[in-house]
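**Q** Make a model of this:
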Amino acid sequence: MVLLEISSGWESFFQLIGVLLIFLFVLVLTYLVTKWIAGYQQGITYNKNIRIIETFRVSNNKFIQIIQVGKKYLVISVCKDTIHLLTELTEEQLTYFPSMEESKKVNVNENFQEILNSLKKKFPRK
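**A** Numbering: from 1, shown residues only. Model (predicted):
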C-alpha cells in the first residue's frame, strides 16, 4: 500500500516536470516566431521611399502626420476612413526637437550626495 502511494507521488512529479517542459517549449517557440515575424516585417519596410517623421493625435481616430515621400515632406490628416493632404513642407521648415530620452539624460558622474543637495535647495525647510 505504501509502495503504491510513493509511486503515484513520483508519477505526479514527472507529470509536473513534463508539463513544465512543454510550457517552456511553447514559450520559446512563441518567442522565436515573434522575432522571425518582426524581422520579416522590418525587411519589407526597410529602405522604402515613404517614412513617417512625426505623428500628432488630434482625437481618438484623427491624426496629423508629417511624412517623407522621396525627398518631399508632406503634412497629411489621417482619419478613420480618409487621408487628406494638408500641405507640403521643405526640409528647412522642419524643426527637430530633442526627444524625451535625449532631454532627460542624467550625468553619470554626479554622485548621490550632489543630487540630494540640489533637491534640498529646491525644497527649503519650513
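
**Q** Let me know the average pLDDT across the helix or strand containing Ser8.
**A** Using DSSP states H and E, Ser8 falls within helix 2-45. Averaging pLDDT along helix 2-45 yields 84.

**Q** Could you check the angle the helix or strand that that helix is followed by makes with helix 2-45?
**A** Later in the chain than helix 2-45, the nearest helix or strand by DSSP H and E is strand 50-59. Using axes from the mean of the first three to the mean of the last three Cα atoms, to 10 degrees, the direction of strand 50-59 lies 110 degrees away from that of helix 2-45.

**Q** Setting the sequence-adjacent residues aside, check what's closest to Asp88.
**A** That one is not Asp; residue 88 is Glu. Closest residue in space to Glu88, ignoring its immediate chain neighbours: Leu74 at 5.6 Å, by Cβ to Cβ, 6 or more residues apart in numbering. C-beta: built from backbone N, CA, C; applies to glycine.

**Q** Check Leu89 too.
**A** Closest residue to Leu89 apart from its sequence neighbours, by Cβ to Cβ, 6+ apart: Tyr73 at 4.2 Å.

**Q** The one you found reaches Glu91, doesn't it?
**A** Yes: with contact defined as Cβ atoms under 8 Å, Tyr73 counts as touching Glu91 (6.5 Å).

**Q** Comparing these two, which shows the higher neighbour count?
**A** Counted by other Cβ atoms under 10 Å, Tyr73 and Glu91 do not tie: Tyr73 has more neighbours, with 18 against 9.

**Q** who touches that one in this structure?
**A** 53, 66-67, 88-91, 93-94 (Cβ atoms under 8 Å, 6 or more residues apart in numbering).

**Q** ok, the residues you listed vs Val78, which is closest?
**A** Lowest distance from Val78 to the contacts of Tyr73 (Cβ to Cβ) belongs to Ile67, with 9.7 Å.
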